[in-house]
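K.L.:
this one's structure only:
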């Protein structure tokens, strides 16, 4: 069987036969998108849309959605220092999602803005059994190394196309088997991201597909 292009995190459906996409659904999308409509998806409480007066309803939705077999990960969940949502409240909600991730044995897809050190510290404190993946990674290789040394995975997207890109440098330095590729909320095709990633890493495109597909494996154990 030919290997597929795996779009690890996307906000757009992709029906191409050679693409396996993980559609993201956050709490503000729950009345528009339903897990059963996608082959694979992740669901999570995104820090941008956290509201204290609806936390109970959001967690009720999250718990029920995560019980569906095609929901393969919790997320986006994470921390963002560039928004007005109280940071301590963000951490509280994140911790609760980690608990659910551990209980249901589904990995975490992380949204992170200027909070990588905080999330790495939390991972060392909590010591989760499920894997954590920083999506849309675009930071310097030093930050990449910190996340990788903590046992996390990285997922790269549009940022690897920028000139003098920290993301491209980090992708080049990331060990085999420790990264994924994604389109996030961008309109570019995952095949284009793969082609750029293969160029950055100096590898054959088909070999890169096989490598990432092997890493993807069973999301509960990869």
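P.N.:
Here it is on my side, so go on. Worth saying up front: this structure is predicted, and the values here are computed from it rather than measured.

K.L.:
The longest helix along the chain packs against which elements?
P.N.:
If each helix of the chain is counted by residues according to DSSP state H, the longest one is helix 87-104. Using 3 or more CB pairs under 8 Å, 6 or more residues apart in numbering; DSSP states H and E as the contact criterion, the neighbours of helix 87-104 among helices and strands are helix 55-66, strand 71-80, strand 108-113, helix 116-126. Yep, even glycine has a C-beta here, placed from its N, CA and C like the rest.

K.L.:
can you pull the buried residues of that helix?
P.N.:
Using 16 or more other CB atoms under 10 Å as the burial criterion, the residues of helix 87-104 that qualify are 90-91, 93-94, 97-98, 100-102.

K.L.:
do the same with stretch 10-18
P.N.:
Buried positions in stretch 10-18, judged by neighbour count with 16+ other CB under 10 Å: 10-11, 14.

K.L.:
Now do that stretch: distance to the chain's middle.
P.N.:
Computed by CA atoms, centre = their mean, to the nearest Å, the chain-centroid distance of stretch 10-18 equals 16 Å.

K.L.:
and what of stretch 96-106?
P.N.:
On the basis of CA atoms, centre = their mean, the separation between the geometric centre of stretch 96-106 and that of its chain is 15 Å.

K.L.:
Same check on stretch 7-17?
P.N.:
In terms of CA atoms, centre = their mean, the centre of stretch 7-17 is set 13 Å apart from its chain centre.

K.L.:
Next, the distance between the ends of it.
P.N.:
The stretch stretch 7-17 measures 13 Å between its terminal residues, going by CA to CA, to the nearest Å.

K.L.:
How confident was the prediction at the residue of the chain positioned farthest from its centre?
P.N.:
When distances are taken from the C-alpha mean of the chain, residue 53 lies farthest, 26.6 Å away, according to CA atoms, centre = their mean. Among the per-residue scores, residue 53 shows a pLDDT of 97.

K.L.:
and it, what is it in contact with?
P.N.:
Residue 53 is in contact with no residue at all, counting by CB atoms under 8 Å, 6 or more residues apart in numbering.

K.L.:
residue ranges with poor pLDDT in this structure?
P.N.:
When residues are selected by pLDDT under 70, those of the chain lie in 1-2, 218-222.

K.L.:
So the residue nearest to residue 213 when sequence neighbours are not counted, which state does it fall into?
P.N.:
Excluding its sequence neighbours, the residue lying closest to residue 213 (CB to CB, 6 or more residues apart in numbering) is residue 3, at 4.9 Å. In three-state terms, and counting by DSSP: H, G, I helix; E, B strand; the rest coil, residue 3 is coil.

K.L.:
who are the neighbours in contact with residue 3?
P.N.:
For residue 3, the contacting residues are 206, 209-210, 213, by CB under 8 Å, 6+ apart.

K.L.:
out of the residues you listed, which are buried?
P.N.:
Members of these classed as buried by 16+ other CB under 10 Å are residue 209.

K.L.:
from the contacts of residue 3, which is closest to residue 86?
P.N.:
Ranked by distance to residue 86 (CB to CB), the contacts of residue 3 are led by residue 213 at 40.1 Å.

K.L.:
Contact partners for that closest one?
P.N.:
Shown in contact with residue 213 (CB under 8 Å, 6+ apart): 3-4, 6.

K.L.:
what does residue 154 give?
P.N.:
Applying CB under 8 Å, 6+ apart, the residues contacting residue 154 are 133-134, 137, 144, 147-148, 170-171, 174, 178-180.

K.L.:
Now stretch 102-113: buried residues?
P.N.:
102, 106-112.
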